[in-house]
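> What follows is a predicted protein model with its sequence.
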Amino acid sequence: YILQLISCVPNSTQSSTDEPSSSFQQHGYYYIVYSRWGHTGTTGRTLQRVFDHFDDAAKEFKSMFRRKTGLSWNNQRDHPTVGGKYRIVQQNFSMKQQLQTSTCPCTTNKWQYWVDDGIDDKANGWYDYTVDGSRVVEQLYQEHLLNSGLSKRTVRSGKWKYNVDLERMVQTNVQHPNKTSRRIRRFTEDG
């Protein structure tokens, strides 16, 4: 679950004939309380509420934070996790933005899995994740670097769901009856 309070400045190139989504956007800042939920690796669902006053947006943000975590925003740093489910996560937004563009580290860093059981007639060796799969796992890896408690994540790839352990570097297919585990690695072409 992602919850953000975003401060926005209207597009200064907007012409007077363009229809803004609300009239206050013509005059200055506006604020969005943004939430997103769903399985890692999927688009999930989002909700955006737009406010013209910061105090109103902050009140909504704090209310949503309390509903999800049971904590007030003022004491959120005193409790790193809530019920083992929610936690405050540091983000590297410039890396996330890169992951969505052609400057993605996945072009030089890619994720691979080890096959040694002949599945799909594959020879023993390392096999590349799909480009999208590498992007998702790279994003999780970058979040793990900033948040040591985020080493175990769930990722959906195609019809399968995997638990990915970024400390042990293992993925486990949690939907297949065999619960197959495979070694994974972050491969850097630069050496």
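Cool, got the structure.
> so who does the closest residue to residue 58 other than its chain neighbours touch?
Distances taken as Cβ to Cβ, 6 or more residues apart in numbering put residue 5 closest to residue 58, at 6.5 Å, once the chain neighbours are dropped. Heads up, the C-betas are built off the backbone N, CA and C, glycines and all. Listed by Cβ atoms under 8 Å, 6 or more residues apart in numbering, the contact partners of residue 5 are 31-34, 57-58, 61.
> With residue 171 instead?
113, 155, 162-165, 181-182, 184.
> what about the residue nearest to residue 58, is that helix, strand or coil?
Following DSSP: H, G, I helix; E, B strand; the rest coil, we place residue 5 in the strand state.
> now do residue 59
Residue 59 is classified as helix under three-state DSSP.
> Can you report how many residues neighbour it?
For residue 59, the neighbour count with other Cβ atoms under 10 Å is 13.
> Checking residue 132 next. Helix, strand or coil?
helix.
> do the one 5 residues further on as well
Recorded secondary structure, residue 137: helix (three-state DSSP).
> Not counting sequence-adjacent ones, nearest residue to it?
Nearest to residue 137 is residue 111, by Cβ to Cβ, 6+ apart, at 4.6 Å.
> Doesn't the one you found belong to a strand?
Yes - with three-state DSSP as the criterion, residue 111 is part of a strand.
> Residue 140 - that's part of a helix, no?
Yes - under three-state DSSP, residue 140 sits within a helix.
> what about the closest residue to it other than its chain neighbours, which helix or strand?
Using Cβ to Cβ, 6+ apart and skipping residues adjacent in sequence, the residue nearest residue 140 is residue 153, 4.9 Å away. Applying DSSP states H and E as the criterion places residue 153 in strand 152-157.
> Could you give the separation of that strand from the chain centroid?
Strand 152-157 sits 11 Å away from the centroid of its parent chain (Cα atoms, centre = their mean, to the nearest Å).
> Over to stretch 123-132?
On Cα atoms, centre = their mean, the centre of stretch 123-132 falls 22 Å from the chain's centre.
> same question, stretch 141-155
Using Cα atoms, centre = their mean, the offset of stretch 141-155 from its chain centre is 10 Å.
> Tell me which residues of that stretch come out buried.
141-144, 150, 153, 155 (16 or more other Cβ atoms under 10 Å).
> This completes my enquiry, with thanks.
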